[in-house]
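> Give the three-dimensional model of this entry:
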Amino acid sequence: MPVAIITGASKGLGRALAAALAGRGWDLVVDARSAGPLEEAARELRGAGEGAGRGTAPRVVALPGDVADARHRAALVAAASELGGLDLLVNNASVLGAEPLVRLADHPLDGLREALEVNVVAPLGLVQEALPLLRMSSYSSSYEEVAPYIDGALSGGGDGNGKAYDSHPNTRNVRNAGSSDSYPYVGTGGAILNISSDAAVEGYPTWGGYGATKAALDQQSAVLAVEEPGLRVWWVDPGDMRTDLYAAAVPDDDASGRPLPGTVVPGLLRLLDGGAPSGRYTAAATPGGVSSR
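Residues are numbered from 1 along each chain as shown. Purely as a prediction, here's the structure:
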């Protein structure tokens, strides 16, 4: 079965996406800073796979830690390798840099440094660690036969899991993946999903520090997509959501009318199912929709 690493998976969008993938039978490596909530999420994820009638529960490895820690990032990728490889890397974990958010004139520089480390440096570090496995994945080529990407529209619907396949036929050579003398990897390789924000492209008061980190992540993703044409690289603005992160950012705002993270997941799954090309995507106004931007 396919394998995904999802950071920040104990709550919010990371947990919702992980539950959807577990329901499809994906094996998962998930992380969060707090061990208790992460283990609770892991139990739920294993149950999601069983409840979907897949016969056996998906394998879920829960590793608490900080993505800014290189040793933790290495452990995440090693766990994916033990599961058989890696088809999808989701860089979802992020920090605000200031809670609540403040104007740039008052933004703590240490907080900005932390946000850059977690939101920009850590995703790149995890990508660097995971590239050999991602290059060996044949996930995209296997699923394009089932749900093709046509005329810029993301096709999807239904289960979307397609036919059975071996997503890691060449993992025996993973340490040499991408080298000139390595066994050629199959298809278009795996996918990287970086969770961005509209604050990366809009000038919202008090969102300058956090937005700067997401703008850097966007540019980093765009360059990675050019440098790694064998992979799918998506950077996605999920739109406003009712999350703990938003509550910490703007505690006085009434977020009750904002959509829950689960409403964004169908659009993210369409990126996977449709084999969408690398690029920046935003959550559309319609439920479960995603559009390129």
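
> roughly how far is stretch 77-94 from the heart of the chain?
From the chain centre to the centre of stretch 77-94 is a distance of 10 Å (Cα atoms, centre = their mean, to the nearest Å).

> same thing with stretch 9-29?
10 Å.

> in that stretch, what's buried?
The neighbour-count check on stretch 9-29 (16 or more other Cβ atoms under 10 Å) flags 9-29 as buried. For glycine as for every other residue, the C-beta is placed from the backbone atoms N, C-alpha and C.

> any idea how far N119 is from G111?
For G111, the distance to N119 equals 12 Å [Cβ to Cβ, to the nearest Å].

> go on, V236?
Counting by Cβ to Cβ - V236 and N119 are separated by 14 Å.

> okay, those two: which has more neighbours?
Using other Cβ atoms under 10 Å as the criterion, V236 and N119 rank with N119 on top: 28 against 25.

> Would you enumerate the residues in contact with the more buried one?
94-95, 210, 213-214, 216-217 (Cβ atoms under 8 Å, 6 or more residues apart in numbering).

> quick one: which two of these are the most distant?
Between any two of those, the greatest separation by Cβ to Cβ is 13.9 Å, found for V95 and A216.

> Compare neighbour counts for the two and give me the winner.
Applying other Cβ under 10 Å to V95 and A216 shows that V95 carries more neighbours, namely 22 against 18.

> Next, count neighbours for the closest residue to D252 other than its chain neighbours.
Nearest non-adjacent residue to D252, counting by Cβ to Cβ, 6 or more residues apart in numbering: P100, 7.8 Å away. Using other Cβ under 10 Å, P100 is surrounded by 13 other residues.

> Confirm that P100 sits in a strand.
No: assigned with DSSP: H, G, I helix; E, B strand; the rest coil, P100 falls outside any strand and is coil.

> right, and it touches A247 too?
No: counting by Cβ atoms under 8 Å, A247 is not a contact partner of P100; they are 9.4 Å apart.

> Low-confidence regions, the protein specifically.
49-55, 140-188, 284-289, 291, 293 (pLDDT under 70).

> how does it look with 90?
Scanning the chain for pLDDT under 90 picks out 48-57, 138-188, 240, 255-257, 283-293.

> for it, which helix is longest?
helix 208-227 (DSSP state H).

> just how off-centre is that one within its chain?
14 Å.

> List the contacts of it.
So helix 208-227 is contacted by 91, 94, 96-98, 101, 103-104, 107, 111-112, 115-116, 119-120, 123-124, 127, 192, 194, 196-197, 199-204, 231, 233-235, 249, 278-280 (Cβ under 8 Å, 6+ apart).

> what's next to the strand or helix carrying L245, contact-wise?
Using DSSP states H and E, L245 maps to helix 244-249. Around helix 244-249, the neighbours that count as contacts under Cβ under 8 Å, 6+ apart are 11-12, 94, 96, 99-101, 207, 210, 240, 253, 255, 258.

> All the strands of the chain, in order from the start?
3-6, 27-32, 60-64, 88-91, 191-195, 232-237, 279-283, 290-292 (DSSP state E).

> I'd like these as TSV, with distance to A42 appended.
Below are the strands of the chain laid out as TSV (distance: least, Cβ to Cβ, whole Å):
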stretch	distance to A42
strand 3-6	11
strand 27-32	6
strand 60-64	4
strand 88-91	16
strand 191-195	20
strand 232-237	24
strand 279-283	26
strand 290-292	27
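
> For the protein, list the residue farthest from the centre, please.
In the chain, the residue that sits farthest from the middle, by Cα atoms, centre = their mean, is A105; the gap is 32.0 Å.

> Give me the neighbour count for D252.
Count around D252 with other Cβ under 10 Å applied: 6.

> what about it, distance to L260?
The value you get for D252 to L260, if Cβ to Cβ is used, is 20 Å.

> picking up where we left off before, which two from the contacts of helix 244-249 end up farthest apart in space?
Going by Cβ to Cβ, the pair spanning the contacts of helix 244-249 furthest: K11 and W207, at 21.0 Å.

> follow-up on the earlier one: roughly how far is the helix holding L245 from the heart of the chain?
Distance, centroid of helix 244-249 to centroid of chain: 19 Å (Cα atoms, centre = their mean).

> repeat for stretch 121-138
Distance, centroid of stretch 121-138 to centroid of chain: 12 Å (Cα atoms, centre = their mean).

> And that stretch, what's buried?
For stretch 121-138, by 16+ other Cβ under 10 Å, it's 121-127, 129-138.
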